[in-house]
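Trainee: Below are the sequence and a predicted model for it; my questions follow.
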Amino acid sequence: MHNTVRFVLDDKIVEIDFTKAGLKPSTTVLNYLRSNPLHKGVKEGCAEGDCGACTIVVAEPGNNGDLLYKALDSCLVFLPMIHGKQIITVENLAEKGKAGILLHPVQQMLVETNGTQCGYCTPGIAMSLFALFKNHSSPSREVIEETLTGNLCRCTGYQPLIEAAFEACKGGPDHFSRREKKVMTLLEGINSGRETLEILTESQSYYKPFTLPEALRLRKEKPGAVVISGSTDVALRQTKKRELLPVILDISGIEEMKSFTETDRDLVFGAALTLEQVKEISDKRIPALNKILRVFGSLQIRNIATLGGNIGSASPIGDTLPLLFALKANIKVCSSGSERIIPVEEFITGYRKTDVRDDELITEVIVPKTPDGVILESYKVSKRRNLDISTVSAGFRLKTRDGIIEEIALAFGGMAATPKRALKTEQFLEGKKWTRGTVQDAMKIVHDEFSPLSDARAGAEFRKTVAANLVLKFYSETT
Amino acid sequence: MKPTSRPHESASKHVTGESVFINDMPVSKLLSGKVVFSPHAHARILSIDLSAALEVARVKAILTAADIPGRNQMGSVINDEPCLAEREVTFIGQAVALIAAEDEKAAFAAASLIRIEYEPLEAILDLDTAMVKNTRIDTERVIERGDADAALKNAPYTVRGTLKTGAQEHWYLETQTSLAIPGEGKEMNLFASSQNPAETQAIVAQVLGIRKNEVEVEVKRMGGAFGGKETQGNHVAAWAALLANATRRPVKIHLFRDDDQVMTGKRHRFQSEYEIGFDETGRILAYKVDLNADAGSSADLSLAILSRAMLHAENAYHIPDIRIRGNAWKTNYPSNTAFRGFGGPQGIAVIENAIDRIARFLKKDSAEIRLLNFYREEKNNRTPYGQKVENNPLLMMYEKLLVTSGYTARRNEINAFNRDNEFFKKGLALTPVKFGISFTTAFLNQAGALVNIFTDGTVLVNHGGTEMGQGLHTKIAEIACVELGVSPERVKVNATNTSRVPNTSATAASSGSDLNGMAVKNAIDILKSRIVEVAVEWFTDQFRDDKTHKDNIVFEKDLLTDTANPGRSISFAEIIKIAYVKQVSLSATGFYKTPGISFDKETGKGTPFYYYAFGMAVSEVMIDTLTGMHTLIRTDILHDAGDSLIEGIDVGQIRGGFVQGLGWCTTEEMKWDSAGNQMTHSPDTYKIPTVNDIPEDFRVELLTGVPNPGTIRRSKAVGEPPFMLAFSVWLAIKDAISAVGEHETEPDFGLPATCEVILLSAGKLKKASE
């Protein structure tokens, strides 16, 4: 169906006809909700995904015939991205019965633990806790912290929120569980068609295909389109810089790009897998990737941001990129009729530039399995441990034989216009003994190998020192 | 801590999203207001061309200084702050023009078409330059006792240095917001996010050129404030009122996060020079400190903030010979303003840092040095300004906290850990706070209330304090319930409104419940004496005797009971109905002024505080010397809230204040470029604590058995003091870094202690010890 987006809100199918609504397709879910008098509980705190006041939960059909509940920042999400999903806001949490309003367990515990003071961040926190409630029955402190990383609160000092989370998750099924079937039926009705969603308004065209061939066709037809999936980076051009994005190609609906396969040689990640999915997949398989993803953004961000997006945005920091360098990952790009496989280091061609051509999409990230004896590690140094952009990030690879360095890769983010390997240092280290003395000599080379910037995050000297220190840290942790 | 039985009065509305903030209010015919501000730190305005902007469809008004019908002035204490810049701009973010449009999009379009020609002028962007250029506000202030110079000369040991403490952005979740709705004639009604509705009213009246009785300001709740809406809320209100007045339509201004961060004042940066003299035991003999505050472009509250910094320069320690000098200097930044602690943190940071230096110098544990120098009960109990420190629990708290935190054992464990670990170092610190409670401008210590009882036996309490999340209305409701002996369902606390309770002071200085609680009690006492008379008359009629005496009637459990005559009681609701029929007024105003406080700024002597609130904390950190990142392992807090009014609310203030202080001490770094542009103008680069940054083990306990004489229900103020307990984290970080150089070299840095500061400092110490 053209020009129309449909989703479930307040237990009903809501249909937005963009030809009549006077909205542009890239209207954020936050702005849409706040235009509705019944959903003013959703708050804007920063419009950049850094505070979580706008957190909502989106439910979508999972593989096991149930609904999957995910928290996300509604300020970063465009309306067509929630097509075919249920959105749940703070107003939906309590059960309105004949006996009056019955608070949801997460709400009740926030009240009882004094988890709310000024109340402005509370709706977002309630939603993050609701998603936690739906996904965990006895979460660890670590999981609770991960859940709440993306919700800033300036009043409570967070401690009561942690207590509320522990207590609330002890509850059993809630009224959402009881209504799940009904919601599934409504969603099935929306999701039965796989026809590309085309929304054409005066100022903006928005395309949301559901198959890869269709996406590639559109990519070729609309070479100027901004490609989004999670839009966590692109959305800021609209919300902060107030740019109009005239043509958008939204690839978040393509299932083929969300698969993970493991072959004898490789781990193959679909480019549209969310970073949270990649984090889970890599837990046992690539611990260094799992480690850096734990401190990547927040859960709300990771729930929509994709691995392909992180690579495609080619940020000089990129968080996953230095490690992908060390992993010797390959990027698969496709166009209608052809495909290319490019080593990730060659793929990044400059400051926020990649080798993707106008008619191509990143479809897969292929990570060769790590041979025995190879050690991989990732580091992130930032002013604040979580939900901060790295000042310096690093991905290291090492193989020694009888104490001699056979293979070494030292890739850094935040040290140059692109993620970059310390090639001089690597050259120096190859063939040498992996000893403290060698490492200390290598640190001097690392320190002088880069000319990083001084910016809001830190000065150049700090970056150079940290880059050098991380090699020592790597040494101390591998011996 | 067990949750209290009385949660925040808005808690159930907050968790359902039902709570209404100004930006959520439905208003018909609403216009969107936008502020156009200066991109220059200092410049002359050569011309303003609005012609293209005025052409934009749906734009209803564009105003500049020339369009202000009243006075172009919104300074809160000193009239040095124009509402809209006229000939000159003095900071980046200063309002120059205002736009009202049918929607935000049109307002933005118009803003992009306003042409303002500036001639950039030399800007003062650091304190050193400000001092050289002598931009002092008012005169230098001094608080002095004895002869600090002579005592320093005679002291066996001295250390001296400079300490810089950073700015801090309030980062209230709700950015500055105001909604102005024109009434009949010249009337203007405002819904403001303001800690100081009476001042908002005064400034709106001033810029509109109308009288205060034509302006009404209402504050239902703020989405956080922390001092950031004590004067800054007035500005947005004045701008919205100007636009509403010009268009005679409702206008709302809700600042975008980045604009809010660029335009509004911060916590004052301080640069302080100090010298401290002591003997071999660590006893402090003399202290000299020069406190220099970066006021920003205008005075705002800087002099009061400086004054509080000076009055807290000695914190919890008796120092025989002392000289505290204070100066506030103008610079070309947004005018710095109130922020939790109000100068106290900046004053206390210097002495706490100096004490750690003494400890490192003497190779003693810093906690011992603190203990040695605490104010005592019988002697050594006068502050430099002459006030006696009474009911002082410092020793008791120290002894208790040392035990509950396991301080000594952990100190030994940390020493062992540091010996065994090359790259990770742990640190531990105990810090106290003694915080003076009262506005240091004595006349502000007053409050009003209006309590109405309705014929159904329900009570509506109005008072001058504002709710910003701190739980003031909850405490007031509790006070009203207890004083009237009625159940919580009967009592509602109303939104703050200048028409209901006039001429109030800001909800600030931690004084909200002290002042307003007493005013409410006063009103209730008046009502009770009226109701008691009705009850005596009723019992006399009912029992046909004169045995019931008014002194024996108590208000309890929704009843009035004659305690001298069993069986004689009447329900609260019933007696109210009777009182109404008997033509007794069921509405009373209450008033309170804090007794016995005064301070002479000229001599630096007096009794500026009604009492002191105390707290103490022990924090343990671990730093990674290779990255500079730290982990906060554990914090134990023991805090004095007197007889706590509501424990859950007070503990919430302690935790929240501590974590906010933690941010200021560690990750909340504000940076500007060489032109005065803020580099950290959004949460992308300005990092307040997240859930991951609080102590892994976070223990908060209220000191019990220390009722505070002379306050409402013997309680103590609790809003600000816990902020300063975060120095335990800052100094634990210093302790850990000091371990890198085996405590031989002083880690020389101020705050915040970012990972950059930690790493570079640790690096220096490593080199020094090699």
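Mentor: That came in fine, so what should we check first?
Trainee: Now do the contacts for the residue lying farthest from the centre of chain B.
Mentor: Relative to the centre of chain B, and counting by CA atoms, centre = their mean, the farthest-placed residue is B:R544 at 56.7 Å. By CB atoms under 8 Å, 6 or more residues apart in numbering or on different chains, B:R544 lies in contact with nothing. C-betas here are computed from N, CA, C, even on glycine.
Trainee: Mind pulling up the pLDDT for B:T4?
Mentor: Among the per-residue scores, B:T4 shows a pLDDT of 45.
Trainee: hmm, I was thinking of B:E214
Mentor: pLDDT, B:E214: 98.
Trainee: Mind listing what's buried along stretch B:84-103?
Mentor: Of the residues in stretch B:84-103, B:84-85, B:88-102 count as buried by neighbour count, 16 or more other CB atoms under 10 Å in any protein chain shown.
Trainee: that's a strand at A:I405, yeah?
Mentor: Yes. Residue assignment for A:I405, taken from DSSP: H, G, I helix; E, B strand; the rest coil, places it within a strand.
Trainee: In contact with residue 140, which residues?
Mentor: In the absence of a named chain, this looks at chain A. Applying CB under 8 Å, 6+ apart, no residues contact A:S140.
Trainee: right idea, wrong chain: chain B
Mentor: Taking CB under 8 Å, 6+ apart, we find B:E140 in contact with B:R325, B:G326, B:N327.
Trainee: Tell me how far the second one lies from B:Y385.
Mentor: Here B:G326 is placed at a distance of 12 Å from B:Y385 (CB to CB, to the nearest Å).
Trainee: For these two, work out which one has more neighbours and name it.
Mentor: Each of B:G326 and B:Y385 has its neighbours counted (other CB atoms under 10 Å in any protein chain shown); B:G326 has more, 27 against 23.
Trainee: I'd like to know how many residues surround residue 133.
Mentor: This is for chain A. If we define neighbours as other CB under 10 Å, then A:F133 has 25 of them.
Trainee: Actually, chain B is the one I wanted.
Mentor: Other residues within reach of B:K133, judged by other CB under 10 Å, total 13.
Trainee: again, but for B:R248
Mentor: The local packing of B:R248 (other CB under 10 Å) involves 12 other residues.
Trainee: Now do the phi/psi pair for it.
Mentor: Comment: the main-chain dihedrals of B:R248 come out as phi 50, psi 40, following degrees, to the nearest 10.
Trainee: For whatever residue of the stretch 251-400 of chain A ends up closest to chain B, give me the pLDDT.
Mentor: Ranked by CB to the nearest CB, the top residue of the stretch 251-400 of chain A for proximity to chain B is A:R384, at 3.9 Å. Among the per-residue scores, A:R384 holds a pLDDT of 97.
Trainee: So it: helix, strand or coil?
Mentor: A:R384 carries the three-state label coil when classified by three-state DSSP.
Trainee: That one contacts B:E669, correct?
Mentor: No. The pair formed by A:R384 and B:E669 falls short of the contact definition of CB atoms under 8 Å, at 10.0 Å.
Trainee: send the alpha carbons of stretch B:203-213 over as PDB?
Mentor: Once non-C-alpha atoms are left out, stretch B:203-213 reads as follows in PDB (Å, rounded to 0.1, in the frame of the first residue of the first chain):
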ATOM      1  CA  ILE B 203      10.600  40.700  35.800                       C
ATOM      2  CA  VAL B 204       7.700  40.000  33.500                       C
ATOM      3  CA  ALA B 205       5.900  43.100  34.900                       C
ATOM      4  CA  GLN B 206       9.100  45.100  34.500                       C
ATOM      5  CA  VAL B 207       9.700  44.200  30.900                       C
ATOM      6  CA  LEU B 208       6.100  44.700  30.000                       C
ATOM      7  CA  GLY B 209       5.800  47.900  31.900                       C
ATOM      8  CA  ILE B 210       2.800  46.800  33.800                       C
ATOM      9  CA  ARG B 211       2.100  46.200  37.500                       C
ATOM     10  CA  LYS B 212       2.700  43.100  39.500                       C
ATOM     11  CA  ASN B 213      -1.000  42.800  40.200                       C
END
